[in-house]
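>>> I need the structure of the sequence given here:
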Amino acid sequence: MNGVVSRLQARSTERHVRAFSLIEVVLALGLISFCLMVLLALLPAALTTAKNTRQQTAAASLAEEISTSIRNAATNSSGNYAPAGLWGANFTWTLGSGTSVSTNGNFTLGGVALATSVESQLKAVVVVTPPATASSSGTALISVAWPQQAQWTTNAVTAIPSWNNAAGSVDSWIIFVPRQ
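All right, here's what the predicted structure looks like:
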């Protein structure tokens, strides 16, 4: 009798081979598909955020570069102060003079000034109020915006300047003393 029982047990264990059922496989595939669809739906938002972060970082770097060149500006042969760097090639100010404004709309994300606007993505505006004397301090507003199509305007009612058509901007106020 033991031989018959052991043969029956052998057959029953052969039938109970461990495997996934069709329902389990379908449910697993459905869950995986749902997770992939959620990830693909989040992809455009993630790419937009990455692009905005890259532009904001580039604008902040450019604003810092411009503020450093204003702080290190030296007098040129005409006795005017001129900041170093390509952006300030035609931008000067004189002690005790009125506010000077420079607009340059041709910068790449790497901060490189371009002659044409084909590859430019950033626009910078610098407003310098020079010091009255060589021993006093002046102020400067540096504002960098993107995209390149942004327009710097002053509100006629409030007289407050701001960017129009800008996706974002970085502003920096500095106080500087002219180099001797």
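
>>> and the nearest residue to Thr92 once chain neighbours are set aside, how many neighbours?
Once flanking residues are discounted, Thr92 sits nearest to Asn80: 3.8 Å by Cβ to Cβ, 6 or more residues apart in numbering. Using the backbone N, CA and C atoms, a C-beta is placed for each residue, glycine as well. For Asn80, the neighbour count with other Cβ atoms under 10 Å is 16.

>>> what's near enough to touch the closest residue to Ala150 other than its chain neighbours?
The shortest distance from Ala150 to any non-neighbouring residue, by Cβ to Cβ, 6+ apart, is to Ala166 (3.7 Å). Ala166 sits next to Ala145, Trp146, Pro147, Ala150 when contact means Cβ atoms under 8 Å, 6 or more residues apart in numbering.

>>> Now do Ala166 against Pro130, distance only.
27 Å (Cβ to Cβ, to the nearest Å).

>>> Same check on Gln148?
With distances taken as Cβ to Cβ, Gln148 is found 28 Å from Pro130.

>>> In terms of helices and strands, where is Ser67?
In this assignment (DSSP states H and E), Ser67 forms part of helix 22-71.

>>> pLDDT of that helix, averaged?
What helix 22-71 shows for mean pLDDT is 90.

>>> Next SSE downstream of it?
Assigned by DSSP H and E, the successor of helix 22-71 is strand 74-75.
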